[in-house]
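Colleague: what follows is a predicted structure for the sequence shown.
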Amino acid sequence: MIKEKLQDAINEQIIAEMWSANLYLAMSFFMDKEGYPGMAHWLKEQWIEENGHAFKLADYVIRRGGKAKVDKIDVVPNDFGTPLEVFEQVYKHERRVSELIDKLVDVAIAEKDKATQDFLMEFVREQVEEETTTSNIVEMIKKAGSTGVFFVDVKLGER
Ligand code: MG
């Protein structure tokens, strides 16, 4: 059975994942309005993925005999800027999420819960992927310049 301290920390991460999902959904709506349907699509897929992380964490807590909770989720911004600014923010946010996952691992280590440490490694690896992917998109947008950004939009629409 999972210890309460760890259960609470995972529940906090569930909220963080749902907040991330909302952030990407807001970005998706924004980019759609700005005329970047491919980027809007990419961000909507990201919304689905973040919700998936929340579900996976909740499922794990329940399987370990704990209680998964849904709590208040803070508001997200709704105005973002240029495609470059949006994806710079995405990359920055993913680095922040990596820090949160690392802190969660620290709690699992402090609680000597090996199963949770093992479970969380999937999230640690996932964050390496997320950082790489989003950093690559930032670089792509930079290289593309103001006209080439539309090709990046088409590419991200293929996700
Ligand atoms: Mg996530």
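Modeller: Yep, it's here.
Colleague: in which helix or strand would I find residue 71?
Modeller: Secondary structure assignment for residue 71, by DSSP states H and E: no helix or strand.
Colleague: for the closest residue to it other than its chain neighbours, give me its contacts.
Modeller: Leaving aside its chain neighbours, residue 71 sits nearest to residue 15 (5.4 Å; criterion: C-beta to C-beta, 6 or more residues apart in numbering). From N, CA and C alone the C-beta is placed, and that goes for glycine too. Residues in contact with residue 15 (C-beta atoms under 8 Å, 6 or more residues apart in numbering) are 70-73.
Colleague: which of the residues you listed sits closest to the ion?
Modeller: Taking C-beta to the ion as the measure, the ion lies nearest residue 73 of the contacts of residue 15, at 14.0 Å.
Colleague: residues in contact with residue 52?
Modeller: By C-beta under 8 Å, 6+ apart, residue 52 lies in contact with nothing.
Colleague: and for residue 70?
Modeller: By C-beta under 8 Å, 6+ apart, the contact list for residue 70 reads 14-15, 18.
Colleague: export these to CSV and append columns for distance to residue 2 and pLDDT.
Modeller: Shown next, in CSV, are these (distance: C-beta to C-beta, whole Å; pLDDT from 0 to 100):
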residue, distance to residue 2, pLDDT
14, 13, 98
15, 17, 98
18, 20, 98
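Colleague: and this protein, which of its residues are near the ion?
Modeller: Residues of the chain found near the ion (C-beta under 5 Å from the ion) are 50, 53.
Colleague: kindly list the longest helix within the chain.
Modeller: helix 114-156 (DSSP state H).
Colleague: what's the separation between residue 75 and the ion?
Modeller: For residue 75, the distance to the ion (C-beta to the ion, to the nearest Å) stands at 19 Å.
Colleague: no wait, residue 115
Modeller: Between residue 115 and the ion the distance is 20 Å, computed by C-beta to the ion.
Colleague: residues contacting the closest residue to that residue other than its chain neighbours?
Modeller: Nearest non-adjacent residue to residue 115, counting by C-beta to C-beta, 6+ apart: residue 64, 7.2 Å away. Neighbour list for residue 64: 1-2, 7, 115-116 [criterion: C-beta under 8 Å, 6+ apart].
Colleague: in TSV: the contacts of residue 15, plus pLDDT and distance to residue 157.
Modeller: Shown next, in TSV, are the contacts of residue 15 (pLDDT from 0 to 100; distance: C-beta to C-beta, whole Å):
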residue	pLDDT	distance to residue 157
70	95	32
71	94	34
72	96	34
73	97	28
